[in-house]
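> Sequence and computational prediction follow.
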Amino acid sequence: MTKRKKPVEDDDIIRAVEAAKPDLMKIFTDYIPIKPKVKGRPRMSRRGHVFTPAATVAYERQIGGAYQGNPNAVFFEDEQLLVKIILMKDGFELHITPIDWAPSKLRGDTDNYAKAILDGLNKVAWSDDRQVRVLIVEKQG
C-alpha cells in the first residue's frame with residue numbers, strides 16, 4: 001500500500017521492532033493537525049440508554065477522516081501494533097508500527113486497562129493522573 005517510512009523519533013522500542021522485520025513492515029508516521037481532546041464521558045439518556053456525547057463522536061470522526069485522507073495511510077487488518085502518539089498543543093504525531101508478536105490472551109483494549117490502573121492509583125501513588133506525561137503499556141500473555 002505504501003513504502004516504508006522511518007519514524008520521526010529515535011525511539012529504542014521502534015528501533016528494536018524495526019530490527020526484527022525491517023523489510024516486511026508497513027509503518028505509518030505523520031503529524032495530524034487536529035487539537036488533542038480528551039474523550040467525553042459516556043452519558044445516560046432519560047430512558048436509561050448510555051451514549052457517547054455528540055462532540056466526542058464528531059471529534060473521533062474528524063481523526064478518522066484525517067487518517068483516511070492521508071495518501072500514506074495504511075489499514076492494519078490483523079497485525080499486533082505498537083502505537084505511539086505524541087500530543088502537542090495544536091495536533092499530534094501518530095506512529096503505527098506492526099510488531100511480530102502473538103496476540104495477547106487479555107481481551108480488553110490496552111487503553112482501557114491503562115485508564116483503570118491510572119485511576120486506581122490516583123491519590124495513592126500520585127495526586128492526580130494528569131501528572132503522567134509519558135505512558136508505556138504493553139499487553140502480554
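Yep, it's here.

> Mind splitting the chain into its structural domains?
According to automatic domain parsing, the chain is divided into the following domains: 1-100, 102-141.

> if you average pLDDT over each of those, which comes out lowest?
Out of the domains of the chain, domain 1-100 stands lowest, with a mean of 83 (criterion: mean pLDDT).

> what about the strands in this protein?
Here the chain has its strands, by DSSP state E, at 28-32, 43-44, 50-51, 80-88, 91-99.

> quick one: which of those strands is nearest W126?
Closest approach to W126 among those is made by strand 80-88 (18.8 Å; Cβ to Cβ). Yep, even glycine has a C-beta here, placed from its N, CA and C like the rest.

> one step back: among the strands of the chain, which comes closest to Y113?
Per Cβ to Cβ, nearest to Y113 of these: strand 80-88, 14.2 Å.

> how about that closest one as CSV, C-alpha atoms only?
C-alpha atoms of strand 80-88 as CSV (Å, rounded to 0.1, in the frame of the first residue of the first chain):
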residue,chain,number,x,y,z
GLN,A,80,-0.4,-6.6,16.5
LEU,A,81,0.6,-2.9,16.7
LEU,A,82,2.9,-0.6,18.5
VAL,A,83,1.2,2.8,18.5
LYS,A,84,3.0,6.0,19.7
ILE,A,85,1.1,9.3,20.0
ILE,A,86,2.9,12.5,20.8
LEU,A,87,0.5,15.2,21.9
MET,A,88,1.2,18.8,21.1
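
> Quick one: residues contacting Q62.
Q62 sits next to I34 when contact means Cβ atoms under 8 Å, 6 or more residues apart in numbering.
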